[in-house]
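# I'll drop the sequence and a predicted model, then ask my questions.
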Amino acid sequence: MNILVTGGAGYIGSHTCVALLEAGHSVIIADNLSNSKEQVVDYVQHISNKDVIFYKVDVTDEVALNEIFSRHLIDGVIHFAGWKAVGESVEKPLMYYMNNLVSTMLLAKVCLLYGVERFVFSSSATVYGDNKVPFKETMDLLPTTNPYGETKVMSERILTDIANANPAFSVSILRYFNPVGAHESGLIGEAPNGIPNNIMPYVTQVAKGKLEKLRVFGNDYPTLDGTGVRDYIHVVDLADGHVAALENLNEGVHTYNLGTGKGTSVLELLKAFEEANDIEIPFDIVDRRPGDIASCFADASKANRELGWTVKRDLIEMCRDAWRFEKNL
């Protein structure tokens with residue numbers, strides 16, 4: 001299939017492009033490079049030994065989207081493009097609502113116009129709010145604790161309503177947890193602009209000496225060691241989940257958790273990184289971060305059952321691959 005990947009030069013998007021190419025699909029990337037670099041597109045081509053088509057466009061630009069769809073026969077879309085930092089969304093809610101919702105609506109609108117019937121949406125475990133773990137797809141979605149999460153909930157509802165009104169429009173909603181790690185080549189990984197919002201690139205930058213020490217946001221949560229518990233998943237496993245969702249997409253709306261099903265605390269992650277790479281990571285405990293919850297991990301049995309997808313890489317591999325990528329930067 002010929003797949004348009006919005007945000008395809010980003011962290012998860014680039015790994016998914018590689019997985020798509022390795023599965024025999026063709027890839028078109030649309031990315032405004034606001035939190036990524038064009039060089040990543042070259043790396044994707046190098047790793048896969050296949051060509052991709054790249055457009056530097058913003059997915060909130062309807063004219064640009066129409067131009068892409070008119071030039072290419074597109075069989076499906078995987079939509080990653082969007083702002084994704086929880087803390088920033090609390091500080092800049094309007095920016096998040098404008099970008100994340102408008103991009104989803106315009107992309108769906110253009111898909112309907114050109115008869116593109118496969119739509120895979122990059123959602124998030126944040127849609128569950130402060131639900132009881134492990135999170136299951138059948139749970140009622142509670143109000144999330146941040147605008148980023150709300151944009152994901154709203155986008156899910158928008159896509160569901162569109163699919164209900166247009167039976168041929170098939171949607172797969174992928175709620176994933178905390179992607180970490182990097183491709184084994186060390187060429188692509190998580191390389192955010194500025195100070196990282198996610199834990200693993202922060203840890204690797206501390207290990208490299210670019211940052212002095214890690215800030216651990218809170219140690220008074222009701223968890224085993226007081227630090228936040230998350231479901232860390234290797235980004236390559238996550239990318240494989242997108243390919244499985246795309247290839248098994250039937251009519252209607254289908255929602256899947258993509259995670260390991262296991263919660264790991266921040267301090268446990270630090271210990272694993274130190275063990276995997278024989279490096280000590282200095283850290284300070286600071287106040288909780290606005291919008292964070294205590295514990296978040298998946299019940300991913302539905303994806304395993306319906307998509308035949310399961311994780312293959314453990315926490316040590318995630319830490320080793322992340323550090324290999326950081327050293328190559």
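Cool, got the structure. Residues are numbered from 1 along each chain as shown.
# buried sites along stretch 283-300?
Using 16 or more other Cβ atoms under 10 Å as the test for burial, stretch 283-300 gives 283, 291-300. To be clear about C-beta, it is placed using only N, CA and C from the backbone, and glycine gets the same treatment.
# give the rounded mean pLDDT of that stretch.
In this model, stretch 283-300 has a mean pLDDT of 91.
# so how far does that stretch reach from one end to the other?
Taking Cα to Cα, to the nearest Å, stretch 283-300 runs 32 Å from one end to the other.
# before we move on, what about stretch 243-256?
End-to-end span of stretch 243-256 (Cα to Cα): 13 Å.
# mind listing the helices for this structure?
Remark: helices assigned in the chain by DSSP state H are 11-22, 39-48, 62-71, 86-91, 93-114, 147-165, 199-208, 235-247, 266-277, 301-307, 315-328.
# highest average neighbour count across those?
helix 11-22 (a mean of 26; mean count of other Cβ atoms under 10 Å).
# list the contacts of it.
Residues from elsewhere that reach helix 11-22 (Cβ atoms under 8 Å, 6 or more residues apart in numbering): 3, 5-8, 27, 29, 31, 36, 40-41, 43-44, 47-48, 50, 52, 78, 80-81, 122, 179, 183, 188-192, 235-236, 238-240, 242-243, 246.
# can we see that at 7 Å?
When contacts are defined by Cβ atoms under 7 Å, 6 or more residues apart in numbering, helix 11-22 is touched by residues 3, 5, 7-8, 27, 29, 40, 44, 47-48, 50, 52, 78, 80, 122, 179, 183, 188, 190, 235-236, 238-240, 242-243.
# repeat that for stretch 164-173.
Outside of stretch 164-173, the residues within contact range by Cβ under 7 Å, 6+ apart are 112, 117-121, 123, 156, 159, 162-163, 245, 249-256.
# which ones among these map onto strands?
When the contacts of stretch 164-173 are checked against strands (DSSP state E), the matches are 118-121, 123, 253-256.
# ok so, going back, including distance to Ser14, could the buried residues of stretch 283-300 go into JSON lines?
Formatted as JSON lines, these follow (distance: Cβ to Cβ, whole Å):
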{"residue": "Phe283", "distance to Ser14": "29"}
{"residue": "Gly291", "distance to Ser14": "26"}
{"residue": "Asp292", "distance to Ser14": "27"}
{"residue": "Ile293", "distance to Ser14": "28"}
{"residue": "Ala294", "distance to Ser14": "31"}
{"residue": "Ser295", "distance to Ser14": "29"}
{"residue": "Cys296", "distance to Ser14": "24"}
{"residue": "Phe297", "distance to Ser14": "25"}
{"residue": "Ala298", "distance to Ser14": "23"}
{"residue": "Asp299", "distance to Ser14": "28"}
{"residue": "Ala300", "distance to Ser14": "23"}
